[in-house]
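**Student:** can't give you the sequence, but here's the structure:
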């Protein structure tokens, strides 16, 4: 019950602050918009690279022999 009361108080103070200091909120949004676009674009770029499979071409491929492969070779010979 106490968390509901504090939540309502916080919401009412937040709405009051947005109405009272609207132009400060607009300035903050204008300042954050380019940062959000940069971070969102970087995340989209990384997700696109991951989905195309380009990431695997950057890896150095080294084959490590597995013990089960050696056992199979002995059985075949």
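**Tutor:** Alright, I've got the coordinates. Just so we're clear, the structure is a prediction, and the values are computed from it rather than from any experiment.
**Student:** burial measure for residue 25, as a count.
**Tutor:** By other C-beta atoms under 10 Å, the residues close to residue 25 number 13. C-betas here are computed from N, CA, C, even on glycine.
**Student:** in which helix or strand does it reside?
**Tutor:** Assigned by DSSP states H and E, residue 25 falls within helix 22-52.
**Student:** so which residues make contact with whatever helix or strand residue 15 lives in?
**Tutor:** Take DSSP H and E as the rule and residue 15 turns out to sit in helix 2-20. Helix 2-20 is touched from outside by residue 25, with contacts defined as C-beta atoms under 8 Å, 6 or more residues apart in numbering.
**Student:** repeat the analysis, applying 10 Å as the threshold.
**Tutor:** 24-25 (C-beta atoms under 10 Å, 6 or more residues apart in numbering).
**Student:** make residue 1 into 660 and carry on from there
**Tutor:** Renumbered: residue one is now 660, and that last one reads helix 661-679.
**Student:** mind listing what's buried along it?
**Tutor:** For helix 661-679, the neighbour count (16 or more other C-beta atoms under 10 Å) marks no residue as buried.
**Student:** before we move on, back to that, mind listing what's buried along the helix holding residue 684?
**Tutor:** Of the residues in helix 681-711, none count as buried by neighbour count, 16+ other C-beta under 10 Å.
**Student:** what's the angle from that helix to helix 661-679?
**Tutor:** Angle between the axes of helix 681-711 and helix 661-679 is 110 degrees (criterion: axes from the mean of the first three to the mean of the last three C-alpha atoms, to 10 degrees).
**Student:** report the rounded mean pLDDT for helix 681-711.
**Tutor:** For helix 681-711, the mean pLDDT works out to 91.
**Student:** so which elements touch it?
**Tutor:** Secondary-structure packing of helix 681-711 (3 or more C-beta pairs under 10 Å, 6 or more residues apart in numbering; DSSP states H and E): helix 661-679, helix 713-717.
**Student:** 7 Å instead, please
**Tutor:** Counting contacts by 3 or more C-beta pairs under 7 Å, 6 or more residues apart in numbering; DSSP states H and E, helix 681-711 packs against no other helix or strand.
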